[in-house]
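Asker: sharing a model that was predicted from the sequence below.
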2 protein chains.
Amino acid sequence: MADGRKWVTMGEVAARAGVGKITVSRALRNPSKVSPGTLRKVQAAVDELGYVLDETAGALSSQRSRVVGALVSTLEEAVFAATVRGLTEGLAEGGLQLMLSATQYDPGTEAALLPTMLGRRPEALVLTSDDHTEAAHRLLARAGLPVLELWELPKQPVHAAVGFSNRAAGTALTRHMVETGRRRVAFLGLDRQHDRRARLRMEGYRDCAGQLAGERAVAVKARPGAVGPDYGAEGLAEILRRWPDTEAVVCVSDMVAMGALCEARRRGIDVPGRLAISGFGDFDMAQDSALALTTIHIDGAAIGRRAAELILAGDIPCGLREDMGFSLIRRATS
Amino acid sequence: MADGRKWVTMGEVAARAGVGKITVSRALRNPSKVSPGTLRKVQAAVDELGYVLDETAGALSSQRSRVVGALVSTLEEAVFAATVRGLTEGLAEGGLQLMLSATQYDPGTEAALLPTMLGRRPEALVLTSDDHTEAAHRLLARAGLPVLELWELPKQPVHAAVGFSNRAAGTALTRHMVETGRRRVAFLGLDRQHDRRARLRMEGYRDCAGQLAGERAVAVKARPGAVGPDYGAEGLAEILRRWPDTEAVVCVSDMVAMGALCEARRRGIDVPGRLAISGFGDFDMAQDSALALTTIHIDGAAIGRRAAELILAGDIPCGLREDMGFSLIRRATS
DNA sequence: CTACCCGGTGGTATCGATACCATGAAGGCG
DNA sequence: CGCCTTCATGGTATCGATACCACCGGGTAG
């Protein structure tokens, strides 16, 4: 499809409507500044010519790109996908659009993508990681635009952060086990290096040491390929081998918890009677009656929406750390 | 963080390097057109000043936005997320960036987002749906830019399409059941209206009618909330009630298949001995040893990458329908 | 009655990079 | 030795919308 047709310009619309260009601009951007009669004429001309405002030109002359850049770790985890949805929806209400790239959890990739993003002169930047290279920090500082880090709440955000505390979540789950009468509580994690969040959850578990009968932490070695329930099964086996009297297992993720649960059933262990199990994330299946997993729910969309709100409101205080919290959902496994 | 700092302009870089603006432009866009010595000087100036090329200005003067717009149905399904990843990665190699919005499977929303997208003067548009409103069609036709529809292969694409045939996939699964000695094959689906793809899979099943001992199709009524394995359990129950001698169940998705499998185990039915089960999508857990589901694998990232390739190559023939195929993965449930 | 204000509108300069054409220097060939 | 090509570089116009300021007419206050 050769691009034969040229785009209609604002000047042509103005001529058609018998007004000045600037009036067309106002009619489209700020209708209240134009008299109703003129507005109608402009609207008619726009419709007849099929005019679509050229933001590339608008951005240059107004020095407002109406774009927000997002560098997300991955889209292939439901939580980030939900965040991006909340973000786009929220931004759309303010006439902003999202420019997206994925970093694959690699600060180097993030740093490499940053200049390209900044080239668009975005009005704000959203990052889902709090781990940046030196170069990235320099670029961000120099750019002098609002930067929002989502999901984790770094002690010293580049600018501002919206998220929740993985550590507090780990603590909440562990305490839940204690409060429901279990003191021999184990933590089941994975040894994936990129996952600082997982590590924080374990720290949250450790924070409860005083209330537990000794630490029981296991990290299953991650193999290449998808992380499936197999890990959970393997991990539970190890836990029961080392500490046969374990009463509860706090798992680093729902997927792992699911595997642990299946393994427990296979062994005929009564859940939650003899053994309680919890996950993290509240994925699709967690609420399914066959699984009914006790877990932590994070409202990813809400985090994205809140970020959008802050951006639209403008003037984000430096150092802001907005804790959106989490909810512990008790189901049948605890 | 008040935007105190102004962006450095190309002119300042040029002054610093002692060359003309245009030379800076060439040095950054097309280094081979500049002598090595000059290139070094420009590079040095760029580094010292922390210059980042302004694409908003570049887009206007070159009439090339270096942006591709994407309207995806949802990001909260792994397959689309993978497609978006393939797309961004592929486009990045050609210096193109992705502008993203989600339509939530609604053609009306898609049509509403279209003008905003076109306002950026994207060099191409990617849609993951083949269902467009009349207004959307008009806009797309007038815009005269390459439009790629992904995932399904419509008979008459707006311009071009990259995807695979859900119908053929349904047929492949059914035929697989026949070839492994089953003739009493059922189809288990969901009654969700937006899901044309699911319907196509069922049509694929029906296409095999000649080789089957009668049609056995069931659609479980979708309730609000996440689609979990519960549906599969319920559906299998209904199938066995109506046709107790069923030998195989082709499920519309992995999630449903998983539920059916659990239900079968609960009833002590030998899988795959007495009953074979297949899914669709090859989700995370399908390869897990506890599940080991026979299913169809679609390479979403490859579809995205192929789309990027076509866009970068330019000159996409009108009416192109590129079938990326699928792979049937036989595991332990058939 | 005059002076001032304000809503509505248009003219012109401007945003920052790139296209196009011109220029000058270096090198090849008859 | 001079002409023509090629390469490297710069000047200037341009992309399309918006900011800024000016303007006009009518209404209100003094």
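Answerer: Perfect, I can see it now. Numbers count the residues shown, from 1 in each chain, chains lettered A, B, ... in the order given.

Asker: against residue A:199, how distant is residue A:234?
Answerer: Distance, residue A:234 to residue A:199, by C-beta to C-beta, to the nearest Å: 20 Å. Backbone N, C-alpha and C define where each C-beta goes, glycine included.

Asker: residue A:114 sits in which helix or strand?
Answerer: Assigning secondary structure by DSSP states H and E places residue A:114 in helix A:107-119.

Asker: can you list the strands that the helix or strand following that helix pairs with?
Answerer: The first helix or strand that comes after helix A:107-119 along the chain, using DSSP H and E, is strand A:124-127. When sheet partners are counted by DSSP bridges, strand A:124-127 sits next to strand A:67-72 (parallel), strand A:147-151 (parallel).

Asker: and strand A:124-127, average pLDDT?
Answerer: For strand A:124-127, mean pLDDT rounds to 97.

Asker: and it, how far out from the chain middle?
Answerer: Between the centre of strand A:124-127 and the centre of its chain there are 12 Å (C-alpha atoms, centre = their mean, to the nearest Å).

Asker: before we move on, what about stretch A:13-24?
Answerer: 43 Å.

Asker: now stretch A:60-75
Answerer: Counting by C-alpha atoms, centre = their mean, stretch A:60-75 is centred 16 Å from the centre of its parent chain.

Asker: please put the alpha-carbon coordinates of that stretch into PDB.
Answerer: Once non-C-alpha atoms are left out, stretch A:60-75 reads as follows in PDB (Å, rounded to 0.1, in the frame of the first residue of the first chain):
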ATOM      1  CA  LEU A  60       7.700  20.300  18.800                       C
ATOM      2  CA  SER A  61       5.900  23.600  19.000                       C
ATOM      3  CA  SER A  62       4.300  23.100  22.400                       C
ATOM      4  CA  GLN A  63       7.300  21.400  23.900                       C
ATOM      5  CA  ARG A  64       4.900  18.800  25.300                       C
ATOM      6  CA  SER A  65       5.200  15.300  23.800                       C
ATOM      7  CA  ARG A  66       2.100  13.900  25.500                       C
ATOM      8  CA  VAL A  67       4.100  10.700  25.800                       C
ATOM      9  CA  VAL A  68       5.100   8.700  28.800                       C
ATOM     10  CA  GLY A  69       7.900   6.100  28.500                       C
ATOM     11  CA  ALA A  70       7.800   2.800  30.200                       C
ATOM     12  CA  LEU A  71      10.600   0.300  30.700                       C
ATOM     13  CA  VAL A  72       9.200  -2.800  32.200                       C
ATOM     14  CA  SER A  73      11.100  -5.900  33.200                       C
ATOM     15  CA  THR A  74       8.900  -8.200  31.300                       C
ATOM     16  CA  LEU A  75       5.400  -8.300  30.000                       C
END
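
Asker: does DNA strand C have contacts with it?
Answerer: Yes. Stretch A:60-75 comes into contact with DNA strand C (C-beta under 7 Å from any atom of the strand), by way of A:60, A:61, A:63.

Asker: what about the residues you listed, which are in helices?
Answerer: A:60, A:61 (DSSP state H).

Asker: sort out which of the residues of stretch A:60-75 next to DNA strand C are buried, if you could.
Answerer: residue A:60 (16 or more other C-beta atoms under 10 Å in any protein chain shown).

Asker: how about the top helix by length along chain A: buried residues?
Answerer: Counting residues, the longest helix in chain A under DSSP H turns out to be helix A:78-93. Judged by neighbour count (16+ other C-beta under 10 Å), helix A:78-93 contains these buried residues: A:78-92.

Asker: what about chain B: which of those residues touch it?
Answerer: Residues of the buried residues of helix A:78-93 in contact with chain B (C-beta under 8 Å from any C-beta of the partner chain): A:78, A:81, A:82, A:84, A:85, A:88, A:89, A:92.

Asker: would you agree the last one is in contact with residue B:101?
Answerer: If I follow you right, that is residue A:92. Yes. Judged on C-beta atoms under 8 Å, residue A:92 makes contact with residue B:101 at a distance of 7.2 Å.

Asker: tell me who's in contact with the residue of the stretch 201-334 of chain A at minimum distance from DNA strand D.
Answerer: Minimum separation of the stretch 201-334 of chain A from DNA strand D (C-beta to the nearest atom of the strand) falls at residue A:314, amounting to 14.9 Å. When contacts are counted by C-beta atoms under 8 Å, 6 or more residues apart in numbering or on different chains, residue A:314 touches residue A:146.

Asker: the closest residue to residue A:55 other than its chain neighbours - how many residues pack around it?
Answerer: If the residues on either side of it in the chain are set aside, residue A:55 comes closest to residue B:119, at 4.2 Å by C-beta to C-beta, 6 or more residues apart in numbering or on different chains. Using other C-beta atoms under 10 Å in any protein chain shown, residue B:119 is surrounded by 20 other residues.

Asker: ok, residue A:208 - contacts?
Answerer: A:171, A:174, A:175, A:178, A:185.
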